[in-house]
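Colleague: Need the 3D shape of this:
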Amino acid sequence: MCNERMNILKKTIAVLLSAALIFGVIFMSGAFSASAEDNTENIESTSASQVTSDPDESATEAPTVEPTQEPTQEPVADPTQEPTQEPTQEPTQEPTQEPTQPLDGDVIAAWDFDSTGKLAGDKLKEYGNADNGYAATTGEGTLTMSVSGTSNRALEWSDAEYGKSGDKIVPIMAAGSKNKWGSPFIMFAVNTKDYKELRLTAYFGGSNKAPATWQLSYSTDGESFADIDGAAFTIPADSRKIPTAYFDGLALPEGAENAETLILKLTPSSTVTVNGGSYTDTPTGGEVVLNNIRLTGTKAAAPEVVIGDVNGDSEVDVLDASEIQKYSAQKAEFTEEQLYAGDVNGDNVVDILDAADIQKYAAEKLAEFKKKA
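Modeller: Numbers count the residues shown, from 1 in each chain. So this is what the prediction gives:
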């Protein structure tokens, strides 16, 4: 009986233990599942917050501000500005200023004949003729020339001698059966009034039978000529076909300055020709090339004087008229300033007409002079 009770008690305890074990397993399984769900929610929440807030802000601000500003500003400022400013300013300014601002002054007169479309034997009619001379292509002046020394010779185009060496067609003065070598000359007439520091540039050449040696002289009255020192040249036989600047900025003497009419004259200093012969022995044939003649000078400033104040006492009165009367009677000499001040009527002559105007002005019968300061 006791044994049977003991067996029943053991079975009961075993059942209770089994039930307790099963209940514990079920409880632990539920707790683990709840914890896993909580962790999953936390992980998803963290991932979502990182994707929707942190990455957007850090990814958009950091790449767009820091990386884009630094690489674009530094390469644009440093590498591009330095190479473009230095090479474009220095090389372009220096070469353009030298040719557009010549050092030899203003062009008073120039003869630059253009051979475009010309044929050998054509006369330079568009520039002038032998009778009246050839007008300057720049400024004012007249060019005349003669083979014989008694009649003027026309300019014409030639390429017979000079075209063979590849040079352009050139203007020439040529001798022939009707125009033989005698006392040849080339002459330029210009007005150098109010100009100083005169300089001459001219290109010349010649054929075998042309005079080889030439001398430049000048005159302000058209009668007496004075040779200019250092103004002679010889056309060599080996380069006669090449027009050469035998006068290249030649300085003219002070006597040629400020002249109403300055005449520059080229004449042969001997009868020797380029090939060593004599043009007196062979007076026909031969030609002289001339082109690109340029006379420049510096414009002198007008004297700072009062018109009518001849004696320089800062007054315009009868004393100035008296001085002009003496000058007109050749009893007094005037300086350039006095001549400028005494020419009150502006006719470029100081005479009794100017004295009369000054007297009227002093008597308040003339309000002002025709010539202005």
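
Colleague: what does the one helix or strand K326 maps to rub up against?
Modeller: For K326, the element it lies in under DSSP states H and E is helix 318-328. Contact with helix 318-328 is made by 308-311, 313, 332-334, 338, 342, 350-352, 354-356, 358-359, 362, as judged by Cβ atoms under 8 Å, 6 or more residues apart in numbering. Placement of C-beta: from N, CA and C, glycine included.

Colleague: Of these, which belong to strands?
Modeller: With strands defined by DSSP state E, no entry of those lies inside them.

Colleague: Separate out the buried members of those residues.
Modeller: 308-311, 334, 338, 342, 350, 354-356, 358-359, 362 (16 or more other Cβ atoms under 10 Å).

Colleague: Identify the farthest-apart pair in those residues.
Modeller: F334 and A362 (19.3 Å; Cβ to Cβ).

Colleague: thinking again about what came up before, name the residues of the helix holding K326 that are buried.
Modeller: 320-325, 327-328.

Colleague: Likewise for stretch 141-155?
Modeller: Neighbour-count burial for stretch 141-155, counted by 16+ other Cβ under 10 Å, picks out 141-148, 152-155.

Colleague: Which members of the residues you listed are the farthest-apart pair?
Modeller: Spatially, the most separated pair among the buried residues of stretch 141-155 is G141 and S148, at 23.2 Å (Cβ to Cβ).

Colleague: what secondary structure does G230 sit in?
Modeller: Put simply, G230 is strand when judged by DSSP: H, G, I helix; E, B strand; the rest coil.

Colleague: my guess is it meets L250, correct?
Modeller: Yes. Between G230 and L250 there is a contact at 7.4 Å, judged by Cβ atoms under 8 Å.

Colleague: which stretches of this structure have low pLDDT?
Modeller: Low-confidence segments of the chain (pLDDT under 70): 1-104, 163-167, 302-303, 373.

Colleague: can you give me the helices for this protein?
Modeller: Under the criterion DSSP state H, the chain contains helices at 2-52, 54-100, 318-328, 336-342, 352-362.

Colleague: Compare neighbour counts for G230 and L250 and give me the winner.
Modeller: Neighbours per residue (other Cβ atoms under 10 Å) separate G230 from L250, with L250 holding more: 18 against 10.

Colleague: Help me confirm that the more buried one comes into contact with L198.
Modeller: No. L250 is beyond contact range of L198, at 9.1 Å (criterion: Cβ under 8 Å).

Colleague: which residues in the stretch 151-300 of the chain form strands?
Modeller: 156-158, 170-174, 185-190, 195-206, 213-219, 226-234, 244-251, 262-268, 287-299 (DSSP state E, counting those that start in this stretch).

Colleague: Next, the angle strand 195-206 makes with the last one.
Modeller: Translated: strand 287-299. With axes from the mean of the first three to the mean of the last three Cα atoms, to 10 degrees as the basis, strand 287-299 and strand 195-206 are set at 170 degrees to each other.

Colleague: elements contacting strand 287-299?
Modeller: Contacts defined by 3 or more Cβ pairs under 8 Å, 6 or more residues apart in numbering; DSSP states H and E place strand 287-299 against strand 106-111, strand 170-174, strand 185-190, strand 195-206.

Colleague: What angle do strand 262-268 and it make with each other?
Modeller: Going by the same axes, to 10 degrees, strand 287-299 makes 150 degrees with strand 262-268.

Colleague: count of neighbours near E223?
Modeller: 7.

Colleague: same thing with A367?
Modeller: Close neighbours of A367, defined as other Cβ under 10 Å, add up to 7.

Colleague: Could you chop this structure up by domain?
Modeller: Following automatic domain parsing, the chain resolves into domains at 2-52, 107-299, 303-373.

Colleague: Now the terminal residues of the second one, how far apart.
Modeller: Domain 107-299 has its terminal residues 10 Å apart, counting by Cα to Cα, to the nearest Å.

Colleague: residues in contact with D313?
Modeller: Counting by Cβ under 8 Å, 6+ apart, D313 touches L319.

Colleague: do that again at 10 Å, thanks
Modeller: Each residue near D313 by Cβ atoms under 10 Å, 6 or more residues apart in numbering is listed here: 306, 319-320.

Colleague: Turn those residues into JSON lines, columns for distance to T137.
Modeller: JSON lines is the format used below for the contacts of D313 (distance: Cβ to Cβ, whole Å):
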{"residue": "V306", "distance to T137": "40"}
{"residue": "L319", "distance to T137": "49"}
{"residue": "D320", "distance to T137": "44"}
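
Colleague: any common contacting residues for L250 and L198?
Modeller: Common neighbours of L250 and L198 are listed as L295 (criterion: Cβ under 10 Å, 6+ apart).

Colleague: which residues are in contact with both of G230 and L250?
Modeller: Counting by Cβ under 10 Å, 6+ apart, the shared contacts of G230 and L250 are L216.

Colleague: From what I see, Y134 and M145 are in contact.
Modeller: Yes. Applying Cβ atoms under 10 Å as the test, Y134 and M145 come out as touching, 8.7 Å apart.

Colleague: what sits in contact with each of these two?
Modeller: 154-155, 188.
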